[in-house]
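Asks: Need coordinates for the below:
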Amino acid sequence: VIEAAFLEAERRDPGHLRPWVALVDGNNHQINRIKTEANKRGVDITIVIDWIHVVEYLWGAARCFFKEADPKGEAFVARKAQAVLEGKAGIVAGSLR
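Replies: Numbering: from 1, shown residues only. Take a look at the predicted model:
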């Protein structure tokens, strides 16, 4: 699928004159595939992670540790989300495992 998306992008911008942007949900394998395809084609690409998906994952993790109405769950999500925004996504992901 990633390769097909790059083929379509190259069809639309064969000279690589426009900015290329990929919107992803934060899946590491997906991000690595995008980087590999971009490098293979000599394309600079900006990868944007869909914040809604990130927060959904954090809420899913919170439900493993806290009951739905527990305010500690909301505080958990807020702390983890703040850490992601501070560039600590890898640490947050590792802590959830």
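
Asks: Quick check: residue 21 is in a strand.
Replies: Yes. Applying DSSP: H, G, I helix; E, B strand; the rest coil, one finds residue 21 inside a strand.

Asks: Can you list the residue ranges for helices in the chain?
Replies: 2-12, 28-41, 51-65, 71-85, 89-96 (DSSP state H).

Asks: will you turn these into TSV that also has mean pLDDT?
Replies: Listed next are the helices of the chain as TSV, based on pLDDT from 0 to 100:
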stretch	mean pLDDT
helix 2-12	96
helix 28-41	94
helix 51-65	93
helix 71-85	96
helix 89-96	90
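
Asks: Kindly reformat those helices as a markdown table containing mean neighbour count and distance to residue 19.
Replies: Just so you know, the C-beta spots here come from the backbone N, C-alpha and C atoms, and that holds for glycine as well. Converted to a markdown table, the helices of the chain look like this (neighbours: other CB atoms under 10 Å; distance: least, CB to CB, whole Å):
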| stretch | mean neighbour count | distance to residue 19 |
| --- | --- | --- |
| helix 2-12 | 13 | 11 |
| helix 28-41 | 14 | 12 |
| helix 51-65 | 15 | 20 |
| helix 71-85 | 15 | 23 |
| helix 89-96 | 13 | 23 |
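
Asks: Make a markdown table from these and add distance to residue 22 to it.
Replies: Listed next are those as a markdown table, based on distance: least, CB to CB, whole Å:
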| stretch | distance to residue 22 |
| --- | --- |
| helix 2-12 | 8 |
| helix 28-41 | 5 |
| helix 51-65 | 14 |
| helix 71-85 | 18 |
| helix 89-96 | 16 |
